[in-house]
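In: quick one, structure for this:
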Amino acid sequence: MSPEKSKISRRKLLKAAALGTMATAIPFEVTLAEPDLKSKNEPILRFAHLTDIHLRPDGISEASLRKCLDHLIQQEKKVDFLINGGDVIMDALGENEESVEAQWAVWRKIKAAYPELKFYHCIGNHDVWGAAPEGESFPGKAWAMKEHALENPYYTFDINGWHFIVLDSTHQKEDDSWYTAKLDSAQREWLEDTLIKIPADKPTLIISHIPILGATPFLDGDNARSGDWIVPGAWMHTDAKSLISLFHQHKKVKICISGHIHILESLLYNDVHYHCSGAVSGNWWNDEPYEFTHKGYGFFELFKDGTHTFKYVQFDLDTK
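Out: Below is the predicted model:
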């Protein structure tokens, strides 16, 4: 999502609860838990979801990300791994090679400073290089894939009884311009085959950069004022209804997490929880929060029975 969308007039549109969903956008933290949480055993997995970091070679974003990682490491409840939700760098889509290299260099520096942290990566729209040479297997994504040591922009992994599916949300439009949110035909076929192969009793979590489903995109831009409720394809998956139907066929899908919107949201629809984990960069590293959401990261605890908790952790309100 572009910085131009950060306007004061939009901040008046969102409320703490919207559209009758479990949608929230509060400054500090929100916890989603099952009613009988106290009777549960300890979680079998904990992870942090860091999305929309937007690193740039200015010193500010690097220092702030270090504060975020240090804050996470110092917590009493340790995470087993981290998920990068995409948009690690400020922007590659409209930049030249020199600018893109300078941004990725900051990320490499951070990685070298925290070798003990295990990341799983999702590619965001700002990680895509719009000036990439023709002929790439995955247009615009070869550079980001190299930085993250990925052979494919979508993939799957399995940890402690939970299955994880990482999707590639960002694709060119029919006129080859960038971008719209969806799965291409090859990825859709792969996802269907993957879900079939996962055992029915194995809870599954899906990761996408752009939300598959959300309430906040309906309240953005001119939507609330016009009443037409038109959500651009760059804000939410255009194949949302089809994916929701697919998840309905596979009850193992319990959670979908995303970033992109920079807003904190939790939505429950058809027994699937859709969480948008705000943004590490908040309002593009400005002091003022984006809507009601300050700089932060998502903290998840996963349980053997397929339930979970989600908390949004504000790591530093005063980051400059």
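
In: now do the buried residues in the helix or strand hosting Ala186.
Out: In this structure, Ala186 sits in helix 185-197 according to DSSP states H and E. Within helix 185-197, the residues that qualify as buried are Gln187, Arg188, Trp190, Leu191, Thr194, Leu195, counting by 16 or more other Cβ atoms under 10 Å. In this view, the C-beta of every residue, glycine as well, is placed from N, C-alpha and C.

In: got it, and stretch 143-158?
Out: Trp143, Ala144, Met145, Glu147, His148, Leu150, Pro153, Tyr154, Tyr155, Thr156.

In: show me where the stretch 1-150 of the chain has its helices.
Out: Ranges of helices in the stretch 1-150 of the chain, per DSSP state H, counting those that start in this stretch, are 8-11, 60-73, 97-113, 142-147.

In: just the C-alpha atoms of the last one, please, in PDB.
Out: If I follow you right, that is helix 142-147. This file holds the C-alpha atoms of helix 142-147, laid out as PDB (Å, rounded to 0.1, in the frame of the first residue of the first chain):
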ATOM      1  CA  ALA A 142      14.100 -13.000  -8.500                       C
ATOM      2  CA  TRP A 143      16.000 -10.400  -6.400                       C
ATOM      3  CA  ALA A 144      13.800 -10.800  -3.300                       C
ATOM      4  CA  MET A 145      13.900 -14.600  -3.700                       C
ATOM      5  CA  LYS A 146      17.700 -14.500  -3.800                       C
ATOM      6  CA  GLU A 147      17.900 -12.300  -0.700                       C
END
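
In: helices or strands up against the next helix or strand after it?
Out: Scanning forward in sequence from helix 142-147 by DSSP H and E, the next helix or strand is strand 155-159. When contacts are defined as 3 or more Cβ pairs under 8 Å, 6 or more residues apart in numbering; DSSP states H and E, strand 155-159 packs onto strand 162-166.

In: what lines up beside the strand it packs on in the sheet?
Out: strand 155-159 (antiparallel), strand 204-207 (parallel) (DSSP bridges).

In: quick one: average pLDDT of whichever helix or strand comes after that strand?
Out: Using DSSP H and E, the helix or strand that directly follows strand 162-166 along the chain is strand 170-172. The predicted model assigns strand 170-172 a mean pLDDT of 96.

In: try stretch 113-122
Out: 98.

In: look up how far Pro289 lies from Ala63.
Out: 19 Å (Cβ to Cβ, to the nearest Å).

In: quick one: which of these two has more around it?
Out: When Ala63 and Pro289 are compared for neighbours, Pro289 comes out ahead with 23 against 13, by other Cβ atoms under 10 Å.

In: distance check, the more buried one against Cys276.
Out: Applying Cβ to Cβ to Pro289 and Cys276 gives a distance of 15 Å.

In: just Pro115 next, same as before
Out: 29 Å.

In: any regions of the stretch 1-150 of the chain where pLDDT drops low?
Out: Counting by pLDDT under 70, the stretch 1-150 of the chain shows low-confidence ranges at 1-40.

In: now the strands for it?
Out: All strands of the stretch 1-150 of the chain, identified by DSSP state E, counting those that start in this stretch, fall at 31-32, 45-50, 81-84, 119-121.

In: what's the closest of the helices of the stretch 1-150 of the chain to Phe299?
Out: helix 60-73 (8.3 Å; Cβ to Cβ).

In: list the buried residues for that closest one?
Out: Those would be Ser61, Glu62, Ser64, Leu65, Lys67, Cys68, Leu69, Leu72, for helix 60-73 by 16+ other Cβ under 10 Å.

In: can you tell me, leaving aside adjacent residues, what's nearest to the fifth one?
Out: Distances taken as Cβ to Cβ, 6 or more residues apart in numbering put Asp316 closest to Lys67, at 5.0 Å, once the chain neighbours are dropped.

In: how about the secondary structure of the one you found?
Out: Recorded secondary structure, Asp316: coil (DSSP: H, G, I helix; E, B strand; the rest coil).

In: so it makes contact with Ser64?
Out: Yes - between Asp316 and Ser64 there is a contact under Cβ atoms under 8 Å: 6.9 Å.

In: pipe the buried residues of stretch 143-158 into a markdown table and attach distance to Leu264 per row.
Out: What follows is the buried residues of stretch 143-158, written out as a markdown table (distance: Cβ to Cβ, whole Å):
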| residue | distance to Leu264 |
| --- | --- |
| Trp143 | 30 |
| Ala144 | 25 |
| Met145 | 29 |
| Glu147 | 27 |
| His148 | 25 |
| Leu150 | 27 |
| Pro153 | 26 |
| Tyr154 | 25 |
| Tyr155 | 27 |
| Thr156 | 27 |
